[in-house]
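Peer 1: coordinates only, no sequence provided:
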């Protein structure tokens, strides 16, 4: 990793023309000091004598003399035509010259960003999450990379790069790449029954950012927000971040229990819902409930965030139009993402606001926070949609994921029929299991994770309404053999654990 | 834009098997209704009869019958081998069937994100800024795209795409792509005299995000933060966003006036500085002042954010090591960005934290807010650095920008010698002019901007310390002819305006 030519500056070198010591000796001393102090490391390529001479406004001869001395003493080595390097042996001869890191005082960092510290499972969840680089079963929402059309994507990328001078690579509109927003209006109209114009859409880095913008702009401190409980942890932390209050609402067969919410928290200013496929329990909110929610929102000046999470992967029944598509009152903020349908490292999501004016307010906030989203990937994605690849990909993945869900059900029935009840949703990238006996959930989580199986408890996503013994298992990113191995590990862990009572 | 095949779902279509009406007639009616209500638009391609039959679990014959009737009535047209489309003439025959956008209630959006509303110039500045898609002189910090090695970048992109299966495209570490962080440690060591390890670095979307993270994690409500005044507007809004207090500190020949700050605001918990090139006035903080600041920070448990803004473009004198490089106390958070050295649409910046533990806290916050930065561009950038292109590019741009600065000075002297005093900095992408007569600055800004010249007043960046008649002019993104035209427009505007007094 240390093969960068320091072609710009060796900033640690200071030559002092007022000293009597000749400049070439000063240079020799400074380089030697640099090696001892770790500013130069063995294997580093030295700048050319010509560029160093220019850098320090000294003669090239000066540099040559200093280098010669350093070579003699074994600090530098040269090979004809290959440049001059800090000697590789140096490290063996000398104790590591790396300067000690300064002692850092006790960090007084305010942890406002993680607001759910009250629930030990939450923090654990977030911590597990951030460092994760490998993909392990049963992580949820992991696309099947083996089935992603990378060749198509790379071809479209090449065509974008070919015309890159046509892209605006300066500070572009903070609202997002206009052709992408235009392509989205068509996609949303055809697939989610949502009528909107490009100026109502804002491109964000993912649904997280959308939720944080909404939480910041729509709620004041201490205002109330209905949240599905159990529900999406990122939404909860977004809401809590600016001091608004989470109102946990239980989830039933129709998704969020609206009657409970209306009775218990009538003053709420915002509702966060996942109507097409409740996260994590998987229920779909029926049409009649959707209309009830919209009516209430209109009557009570309440905003509704519709997180249309994984709705693209619906396996049975025809979908109900998005809440946003039914919203004649202008109260719904729709949130969608490509990070789950394509790949998470893409980081492109979007929001549909009720009006262009409101989209402008959100755009200003986005501009203030991180200026805009990167443009090149947005341009590639636009081509991917317009050329029909996105629709094709979704259609294909729906079949693959439906099969994967069936496979996991079969595996669970085969190995764990006596231990679990399975609850399969009509859509999405995970299913739920309920342990038939009662165990310590933290122990189950710890032991399975130790053995490389990432199980998540529903209660990791709960504030008030617990679902003891319920776990959710992603099935989309793993080969059948991996899933079988993981199911067997879970079986093993359950056989080792003693049920409570 | 409406050529996407609706290959997934026509969600607006609902067939009701309990009705006596035959399914093909229901389908015919639903499609017709879709056209009238704007869910289908003229020119839209219809899904194949086969896929619709599958979608609705009806016979293909049903679909064929419905299509035939719609064709007879002129709603659909077909061409052999080219599919079936919603009739193009339809739009002329019928009044636009587009559903009216719902009337949106008055938006009650809290404008917390823009915190500098007290200063009318600020809001104007932000609003100008967010919609901007064209590049106009004298916008600051606009790289010269004509000189960017796009071919090299595209070649590296192609090689990343070729091996894309090796990248982790799932949820990657929220701290950023490890090889990029490793490359940065070498770059920082060689070029900025900063010793750090990859686990102290976190990759962010740009310096804005870095500043927002720092403001959120390092300051509590009502705590004080020293800010250069005039200074970077995004830093001010970041600090104010979570309720901390901005302490405006004047700027002199040595950058921030530390004596003033220490006397006036001794309780400050954070200082935001741009020591290598004060933004916007351009002064460099001398070594002795840097050490004074570090000592104070250590004695008073104060954090220091070093925004090393545009330090890469230094035209005269050798640079002083970064404040972070001198920091033996572990109080400095270093912020750098590639958005100005490469291109703004890239959206990659980074922070160097005093310790790995502190970097973990920042990583958690980043993970909560937007999960992680996109990975592919990070991989391309890593190659760009490791193969030496970054250093080469900087060296080349330094010469080009130095020349551009000289050109602008010549133009100003040629056309506006009687009107302005020029103040040139040793580094950066803009220079300052001072009008010799007093004008209404808002009028000058309005009139020049109307004519396509983006001038910015220093006072747009001030909270308390005004610099009347001072404007800053970016010179890096524009051809000489463009700059001359813009200088002449400025001359014209000044000749039209009456000086005050």
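Peer 2: On my side now, so go ahead. Here the structure is a predicted model, which means the values were calculated and not measured.
Peer 1: for the rest of this, base every contact and every neighbour count on C-alpha atoms.
Peer 2: Noted.
Peer 1: now the helix or strand hosting residue A:413: average pLDDT?
Peer 2: Assessed by DSSP states H and E, residue A:413 sits inside helix A:389-416. For helix A:389-416, the mean pLDDT works out to 95.
Peer 1: repeat that for stretch A:230-241.
Peer 2: Per-residue pLDDT over stretch A:230-241 has a mean of 88.
Peer 1: quick one on the thing from earlier: immediately after the helix holding residue A:413, which helix or strand?
Peer 2: Taking DSSP H and E, what comes next after helix A:389-416 is strand A:420-423.
Peer 1: which other helices and strands does that following strand contact?
Peer 2: helix A:389-416, strand A:430-435 (3 or more CA pairs under 8 Å, 6 or more residues apart in numbering or on different chains; DSSP states H and E).
Peer 1: so what's the gap between that strand and the chain middle?
Peer 2: Relative to its chain's centre, strand A:420-423 lies at 29 Å (CA atoms, centre = their mean, to the nearest Å).
Peer 1: repeat that for stretch A:399-414.
Peer 2: 26 Å.
Peer 1: part of a helix, is residue A:188?
Peer 2: Yes: counting by DSSP: H, G, I helix; E, B strand; the rest coil, residue A:188 is part of a helix.
Peer 1: how about the closest residue in space to residue A:14 that isn't next to it in sequence, what does it touch?
Peer 2: The shortest distance from residue A:14 to any non-neighbouring residue, by CA to CA, 6 or more residues apart in numbering or on different chains, is to residue A:30 (7.2 Å). Contacts here follow CA atoms under 8 Å, 6 or more residues apart in numbering or on different chains; on that basis residue A:30 touches A:12-14.
Peer 1: now the residues you listed as CSV including pLDDT, neighbour count and secondary structure?
Peer 2: Output for the contacts of residue A:30, formatted as CSV (pLDDT from 0 to 100; neighbours: other CA atoms under 10 Å in any protein chain shown; DSSP: H, G, I helix; E, B strand; the rest coil):
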residue, pLDDT, neighbour count, secondary structure
A:12, 81, 22, coil
A:13, 85, 20, coil
A:14, 83, 15, coil
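Peer 1: can you list the residues you listed in TSV and add distance to residue A:475?
Peer 2: Below are the contacts of residue A:30 laid out as TSV (distance: CA to CA, whole Å):
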residue	distance to residue A:475
A:12	53
A:13	56
A:14	60
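Peer 1: list just the nearest of those residues to chain B.
Peer 2: residue A:12 (5.8 Å; CA to the nearest CA).
Peer 1: surely that closest one touches residue B:193?
Peer 2: Yes: contact criterion CA atoms under 8 Å: residue A:12 and residue B:193 qualify, at 5.8 Å.
Peer 1: shared neighbours of these two, anything?
Peer 2: Common contacts of residue A:12 and residue B:193 (CA under 8 Å, 6+ apart): A:39, B:321.
Peer 1: rewinding a little: what about the residue nearest to residue A:14, helix or strand, and which?
Peer 2: helix A:23-36.
Peer 1: show the average pLDDT along the helix or strand that that helix is followed by.
Peer 2: Where DSSP H and E defines the elements, the next helix or strand beyond helix A:23-36 is helix A:49-56. Over the span of helix A:49-56, the pLDDT mean works out to 85.
Peer 1: would you mind listing the buried residues in helix A:49-56?
Peer 2: A:49, A:52-53, A:56 (16 or more other CA atoms under 10 Å in any protein chain shown).
Peer 1: again with stretch A:286-301
Peer 2: A:287, A:289-290, A:293-298, A:301.
Peer 1: pull the contacting residues for the nearest residue to residue A:286 once chain neighbours are set aside.
Peer 2: Distances taken as CA to CA, 6+ apart place residue A:254 nearest to residue A:286, at 6.2 Å, with adjacent residues excluded. Taking CA under 8 Å, 6+ apart, we find residue A:254 in contact with A:283-286, A:289.
Peer 1: distance to residue B:455 and secondary structure added to those, as TSV?
Peer 2: Shown next, in TSV, are the contacts of residue A:254 (distance: CA to CA, whole Å; DSSP: H, G, I helix; E, B strand; the rest coil):
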residue	distance to residue B:455	secondary structure
A:283	55	coil
A:284	54	coil
A:285	53	coil
A:286	55	coil
A:289	54	helix
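Peer 1: and of those residues, the nearest to chain B?
Peer 2: Among those, and counting by CA to the nearest CA, the member closest to chain B is residue A:286, at 14.2 Å.
Peer 1: what's the spacing between that closest one and residue A:275?
Peer 2: Here residue A:286 is placed at a distance of 8 Å from residue A:275 (CA to CA, to the nearest Å).
Peer 1: list the buried residues in stretch A:198-210.
Peer 2: Applying 16+ other CA under 10 Å to stretch A:198-210 flags A:198-210 as buried.
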